[in-house]
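Q: Next one to model:
(one chain, ligands or ions: 1)
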Amino acid sequence: MATLNFDGHEINHSSIFNNNPLDPEEFRRQGHMMIDFLADYFLDVEKYPVRSQVAPGYLRQRLPESTPYNPEPIETILQDVQKHIIPGLTHWQSPNFFAYFQCTSSTAGFLGEMLSAGFNVVGFNWIASPAATELETIVVDWLGEMLMLPKSFLFSGNGGGVLQGTTCEAILCTLAAARDQMLSKIGTDNIKKLVVYGSDQTHSALQKAAKIAGIHPKNFRAVRTTKSTSFALSPDSLQSQIRKDIEAGLVPLFLCATVGTTSTSAVDPLGSLCQVAKDYGMWVHVDAAYAGSACICPEFRHFLDGVEGANSFSLNAHKWFLTTLDCCCLWVKDPSALIKSLSTNPEFLRNKATESRQVVDYKDWQITLSRRFRALKLWFVLRSYGVANLRKFMRSHVEMAKLFEGLVAMDKRFEIVVPRNFAMVCFRVLPKAMGMRKPKQSHQNGNAENGHYKVVVEKEEGSSNEVNEKLLESINMSGRVFMTHAVVGNVYAIRFAVGATLVEERHVIMAWKLVQEHATAILSTNSQ
Ligand SMILES: *Cc1c(COP(=O)(O)O)cnc(C)c1O
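A: A predicted model of the protein is given here:
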């Protein structure tokens, strides 16, 4: 029998009597259903177009205008996920996803994530869940040792690590620490003089962090890189920029060096950059968001040579380390610098453990107060795979990237744009492959030969960029793969990033065939 509640809506009895949001038996039943749903998703993921094909606003047209007043069964909700949400997904777990940098998943990472959602503890300080804090200090040391980070970055030395959400946060926190350390020496009035350095390849996270940290917009330096250094930051260019800034009365504060840039996975030379920075008393942060993971393999560790001269180092375990989003591991040599900048001490959080100074209170190592128990998923990944299998996982991606690189090199219409460092290949259709129209130079009188040449080359590059852009769009429209692009040194390059959890050689070979087919089609229409 239906009853009306106080505002006249019908009450659904079955839901009222079953109104325990954590009813253990319902949890078990629905939880199993969800695991089955996801297992089927992984089985089917290759059937969906990799890049979502919906138009902006698609979902509002499909869903009701407001929250249902009465509860709906999980079965109905899951049906809607299948019908309305999945079409609006770009399938990051598809083996045909070669875009950006991957966001790898694993059963281990997923189960750790589940546990953390299940316990749902808030480990802002030690007493709020000692295991959350202590496990985090242990796994960051484990991972730091796997990377052969100097002891000075680990808790077992005088440093320490923290799991944050993303690199953006890690950079902002370290920049805030560096800023406050410097301002305590030169006086807070001088904040307008502080200068932040990166290269023109540094992730936009740095510029955002500088803005939020109150660095004057005119004092952000994106030092130019060139193809001659494969778009790595040159210590000489950095030094001459610093000298100019000092002459102008400014104060060099912070350098963000990158191991594995987003556009081309270039590696900045840490050793010599840290040397330059040291001469000026600057803080160096090393952003190894993507490529840092690979450095647990001895053959890639050399990319971190010189990290001992840096102040902080971070990588995203959610990118290439099988740990679900989000999990940015940040290590610092001087945790007290972070803590001085970020700590708060409200009365309601006071406790004996904190006062004993024998514990880590992670709220003082990050932006937010509340924090998730992220260490669980990383711990599950480290234990379930072990160093051996983690290395094997990343090496297999590097091998597949080499395979793709070899295929590109065999087709004379294409070139590799920059040397490959890890598992990402930047390539493009060459200008000469385009059945170049003869440059119209006869009526441009008075130009020196070199001038002509330059104009012609720029035109060729321009139309080559257009063709590559067209090619990429046509590949992605097919729905069979998804790749993205970068523009470096005015060249539009297609990025082929290998690293999806489920990727196999056959996917890489299929992707290359697809590129060739679409290139043939585009080049034939283009030369008509
Ligand atoms: C992905 C990436 C970032 C940004 O990472 P978020 O965790 O999304 O903030 C920064 N730097 C590099 C080199 C990256 O590859």
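Q: Mind checking what helix or strand follows the worst-scoring helix or strand of the chain on mean pLDDT in sequence?
A: In the chain, no helix or strand scores lower on mean pLDDT, DSSP states H and E than helix 13-17, which sits at a mean of 47. Past helix 13-17, heading to the C-terminal end, the next element that is a helix or strand (DSSP states H and E) is helix 24-44.
Q: Contacts only, for Ser474.
A: For Ser474, the set of contacting residues under the criterion of CB atoms under 8 Å, 6 or more residues apart in numbering consists of His518, Ala521, Ile522. In this view, the C-beta of every residue, glycine as well, is placed from N, C-alpha and C.
Q: Buried only: go through those residues for me.
A: By neighbour count, with 16 or more other CB atoms under 10 Å, the contacts of Ser474 hold His518, Ile522 as buried.
Q: For the contacts of Ser474, give me CSV that also has secondary structure, distance to Ala209 and pLDDT.
A: Converted to CSV, the contacts of Ser474 look like this (DSSP: H, G, I helix; E, B strand; the rest coil; distance: CB to CB, whole Å; pLDDT from 0 to 100):
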residue, secondary structure, distance to Ala209, pLDDT
His518, helix, 38, 97
Ala521, helix, 43, 95
Ile522, helix, 40, 94
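Q: restrict the contacts of Ser474 to contacts with the ligand.
A: With the criterion set as CB under 6 Å from any ligand atom, no member of the contacts of Ser474 is near the ligand.
Q: Ramachandran coordinates for Gln201?
A: Main-chain dihedrals, Gln201, degrees, to the nearest 10: phi -100, psi -10.
Q: Find the residue closest to it in space, skipping its chain neighbours.
A: On the basis of CB to CB, 6 or more residues apart in numbering, the spatially nearest residue to Gln201 that is not a chain neighbour turns out to be Thr261, at 4.2 Å.
Q: Please apply the same query to Ser116.
A: The shortest distance from Ser116 to any residue that is not its chain neighbour, by CB to CB, 6+ apart, is 4.2 Å, and that residue is Phe373.
Q: Briefly note if stretch 282-294 comes near the ligand.
A: Yes. With CB under 6 Å from any ligand atom as the threshold, stretch 282-294 lies in contact with the ligand, specifically through Asp287, Ala289, Tyr290.
Q: out of these, which are inside strands?
A: Secondary structure defined by DSSP state E assigns Asp287 of these to strands.
Q: and Glu461, what pLDDT?
A: pLDDT, the model's per-residue confidence, is 73 for Glu461.
Q: Past whichever strand or helix holds it, which element shows up next along the chain?
A: Using DSSP H and E, Glu461 maps to helix 449-477. Sequence order places strand 484-488 as the next helix or strand after helix 449-477, per DSSP H and E.
Q: Give me the contacts around that next one.
A: So strand 484-488 is contacted by 99-100, 201, 227, 231, 262-264, 417-418, 426, 465, 468-469, 472, 492-495 (CB under 8 Å, 6+ apart).
Q: List the strands paired with the following helix or strand past it, with their directions.
A: Where DSSP H and E defines the elements, the next helix or strand beyond strand 484-488 is strand 491-497. Applying DSSP bridges, strand 491-497 is found paired with strand 424-429 (antiparallel), strand 484-488 (antiparallel).
Q: Next up, the contacts around Ala277.
A: For Ala277, the set of contacting residues under the criterion of CB under 8 Å, 6+ apart consists of Leu238, Pro252, Leu255, Trp283, Val284, Gly309.
Q: mind putting these in TSV, pLDDT and neighbour count included?
A: As requested, those are exported to TSV (pLDDT from 0 to 100; neighbours: other CB atoms under 10 Å):
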residue	pLDDT	neighbour count
Leu238	98	25
Pro252	98	26
Leu255	98	31
Trp283	98	25
Val284	98	25
Gly309	98	19
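Q: Pull out the buried residues from stretch 227-240.
A: For stretch 227-240, the buried set under the neighbour-count rule, 16+ other CB under 10 Å, comprises Thr229, Ser230, Phe231, Ala232, Leu233, Ser234, Pro235, Ser237, Leu238, Gln239.
Q: Which of those residues fall within helices?
A: Pro235, Ser237, Leu238, Gln239 (DSSP state H).
Q: helix or strand right after the helix ranked longest in the chain?
A: Once the chain is assigned using DSSP H, the helix that runs over the most residues is helix 375-410. The first helix or strand that comes after helix 375-410 along the chain, using DSSP H and E, is strand 414-416.
Q: how much space is there between the closest residue to Thr226 other than its chain neighbours and Val429?
A: The shortest distance from Thr226 to any residue other than its chain neighbours is 6.6 Å, reached at Gly489 (CB to CB, 6+ apart). Note on Gly489: its distance to Val429, by CB to CB, to the nearest Å, is 16 Å.
Q: of these two, who's got more company?
A: Val429 (24 against 16; other CB atoms under 10 Å).
Q: just to revisit the earlier point, tell me which two of the buried residues of stretch 227-240 sit farthest apart.
A: When CB to CB is used, the two most widely separated members of the buried residues of stretch 227-240 are Ser230 and Gln239, lying 19.4 Å apart.
Q: And the pLDDT at the closest residue to Asp361 other than its chain neighbours?
A: The shortest distance from Asp361 to any residue that is not its chain neighbour, by CB to CB, 6+ apart, is 4.0 Å, and that residue is Asn125. Per-residue confidence (pLDDT) for Asn125: 96.
Q: who in the protein is up against the ligand?
A: Looking at the ligand, the residues of the chain close enough under CB under 6 Å from any ligand atom are 101, 166-168, 203, 205, 258, 260-262, 287, 289-290, 316, 328.
Q: wait, isn't Leu325 in contact with Arg372?
A: No. Assessed by CB atoms under 8 Å, Leu325 is found out of contact with Arg372, at 11.4 Å.
Q: Please say which of these two ends up with more neighbours.
A: Neighbours of Leu325 and Arg372, each counted by other CB under 10 Å, are more numerous for Arg372; the result is 21 against 17.
Q: Now do the same contact list for that one.
A: Residues counted as contacts of Arg372 (CB under 8 Å, 6+ apart) are Ser116.
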